[in-house]
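Undergrad: Generate a structure from the sequence data that follows.
(one chain, ligands or ions: 1)
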Amino acid sequence: MMNATTESPACQLSADGSQQVNVPITVARGDGIGPEIMEATLKVLKAAGARIAIEEIEIGEKVYGRGHLSGIEESSWESLRRTKVFLKAPITTPQGGGVKSLNVTTRKTLGLYANVRPCVSYSPFVATKHPTMDLVIIRENEEDLYAGIEHRQTDEVYQCLKLISRPGTEKIVRYAFEYARLHNRKKVTCFAKDNIMKLTDGLFHKVFDEVAAEYPELENEFWIIDIGAAKMADTPEAFDVIVMANLYGDILSDVAAQIAGSVGIAGSANIGEHCAMFEAIHGSAPRRAGQNVANPSGLMLGAVQMLVHINQPDVATLFHNAWLKTMEDGIHTYDIYKEGVSKQKVGTQEFAQAVIDRIGQKPSTLKAVSYQANVVEAGEPKKTYTPTVPANKQTVGVDVFLHVKTPTDVEALAVKLQAAQLPNLPLKLISNRGQKVWPNGFAETFHTDHWRCRYENKEGQSISHKDIVTLLANVDAQGLDFIKTENLCTFDGEIGWTAAQGS
Ligand code: NAD
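TA: Numbers count the residues shown, from 1 in each chain. Model (predicted):
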């Protein structure tokens, strides 16, 4: 369902008196607190003189309710593809029922690969333990565990595929360095867990090091994410720009926003090569809906990022400085209101009015902003990734995954699996949840009903697809329930799989 609002004329006057064409943007009011914080944000956009022509679309709960599994209708995609700019309030994702997250769908469908989340403290006006914190999390937005490829494989085991691609990683890491350069940041940090996920997070780390070498003027560093996250929560001022994969960035940007003052005060830009989407980092907070209490600041700061993106730095500057002055004047919603620090506790719409009343003013203690014209957001027009040169790929084995109920006699299982093997594809090992249980397993190791059986050519010689098909027919003839296979391949001689734990 799409409505073009009648409030937005095609043209209007800018601050210098020249007539300017209004930029079409798509707006969605969302669910829960979404409509209230969007109303507040649109009021300030209008008062600040944003030169925009709004097309409204409906997304979220009501659209899911009409049977659209991604919470968005075809006509809304048409609006998004036409305007290429989306100001979006949070939505509620229904549980179960085969529905897909609209947020993930929108980001991936429109190729919005970079999620930019500034997390800044506004001390002494907003209470925080980290008064000088000013960091930006650049979150990869399209892959990782958010590929949404999940399967129940056995009675006991469920699987979610973590996909990390070289182009996807290079795009986000390059974006982070370009962003740092463009915004006069000094350092880019990478968080990953490559000590455990050696291939996926290992690729993320490797590509980070490769791209970092192209930006010698910027400091770079790498942290294993567990200790990096602890350091960020304890000493966020030690960080500047942090780049990370999707799930890590999703979690840690909420942490960073919360320790800066509130999850309610961080905005976010989702940038792609063709389109961009702007939103708050928080969700629809259904428990707070309809009470006029939610903090609209996250969406307001997302709207400021949008104004910069559509090259209206004058309006972005007016809006942002008025918001900073409101913070400084202690006019706060419940989530950041603190006795002795804040001056007045206000609701969502009163907060918006306070920002409108301060348009044209600047903060005196907090640093005022001054956006420049034609700041091209990093990642848009430049080189984003290097096309991959195909390697010499050899298939030298296969992991066959089985569903075999427990308790199982592992030696008896191995006998059946060996009966199925081919001369050039002998059984090498059996593992359970990645831990080797044959040969020489430990009686203490816990077993689920999910078994990985590795067949590998001893000399590293190539095997054929036909060999794999024959092997599977043999496994089937042994009465074993195979649930999937993964080929073991080398790429230019480099092994493309990990060893089993304990092997
Ligand atoms: P949430 O961010 O909606 O709310 C968590 C808590 O944070 C709230 O109870 C509230 O105390 C506080 N909070 C959040 N935003 C606030 C604001 N603007 N002002 C004041 N306090 C605020 O997280 P949740 O409860 O885990 O998720 C609720 C729903 O939102 C879920 O359906 C989830 O899928 C969805 N969600 C949507 C988006 C999005 O649309 N971009 C993002 C995250 C979660």
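
Undergrad: What residues does the residue of the stretch 251-400 of the chain found nearest the ligand make contact with?
TA: Nearest to the ligand, among the residues of the stretch 251-400 of the chain, is G283, at 2.4 Å (CB to the nearest ligand atom). (C-beta placed from N, C-alpha, C; glycine too.) Contacts for G283 (CB atoms under 8 Å, 6 or more residues apart in numbering) come out as 32, 90, 92.

Undergrad: Just confirm it is within a strand.
TA: No: counting by DSSP: H, G, I helix; E, B strand; the rest coil, G283 falls outside a strand, being coil.

Undergrad: got the contact list for the closest residue in space to C453 that isn't next to it in sequence?
TA: Closest residue to C453 apart from its sequence neighbours, by CB to CB, 6 or more residues apart in numbering: V400 at 4.8 Å. With contact set as CB under 8 Å, 6+ apart, V400 has these partners: 452-453, 455, 471-472, 475, 482, 485.

Undergrad: For V400, what are phi and psi?
TA: With angles defined as degrees, to the nearest 10, V400 sits at phi -110, psi 120.

Undergrad: now N115
TA: Torsion angles, degrees, to the nearest 10, at N115: phi -110, psi 110.

Undergrad: and it, how far is that from the ligand?
TA: 10 Å (CB to the nearest ligand atom, to the nearest Å).

Undergrad: Contact partners for that residue?
TA: Contacts of N115 (CB under 8 Å, 6+ apart): 107, 137-141, 249, 253, 268-271.

Undergrad: what are the bridge partners for it, then?
TA: Note on N115: beta-bridge partners by DSSP bridges are R139, N270.

Undergrad: how near is it to S253?
TA: Between N115 and S253 the computed distance is 8 Å (CB to CB, to the nearest Å).

Undergrad: Mind listing the shared neighbours of the two?
TA: 137, 139, 268.

Undergrad: Could you pull up the residues touching the first one?
TA: Contact criterion CB under 8 Å, 6+ apart gives 115-117, 119, 242, 244, 249, 252-253, 256 as the residues in contact with I137.

Undergrad: re earlier: could you list which of the contacts of G283 also contact the ligand?
TA: Among the contacts of G283, the residues lying close to the ligand (CB under 6 Å from any ligand atom) are 90, 92.

Undergrad: Any idea how many residues pack against M277?
TA: M277 has 26 neighbouring residues, counting by other CB atoms under 10 Å.

Undergrad: what secondary structure does it sit in?
TA: Assignment for M277 (three-state DSSP): strand.

Undergrad: So what's the predicted local confidence for it?
TA: pLDDT, M277: 97.

Undergrad: List the contacts of it.
TA: So M277 contacts 85-88, 106-107, 110, 112, 269-270 (CB under 8 Å, 6+ apart).

Undergrad: is it true that V173 touches M244?
TA: No: between V173 and M244 there is no contact under CB atoms under 8 Å: 9.9 Å.

Undergrad: which bits of the stretch 1-150 of the chain sit near the ligand?
TA: 33, 90-93, 103.

Undergrad: quick one: which of these sit in strands?
TA: Among these, no residue falls in strands (DSSP state E).

Undergrad: Select from the residues you listed the one having the most neighbours.
TA: I33 (29 neighbours).

Undergrad: Find the helix or strand that the closest residue to that one other than its chain neighbours is a member of.
TA: Excluding the flanking residues, the one nearest I33 by CB to CB, 6+ apart is A294, at 3.8 Å. A294 is part of no helix or strand when elements are defined by DSSP states H and E.
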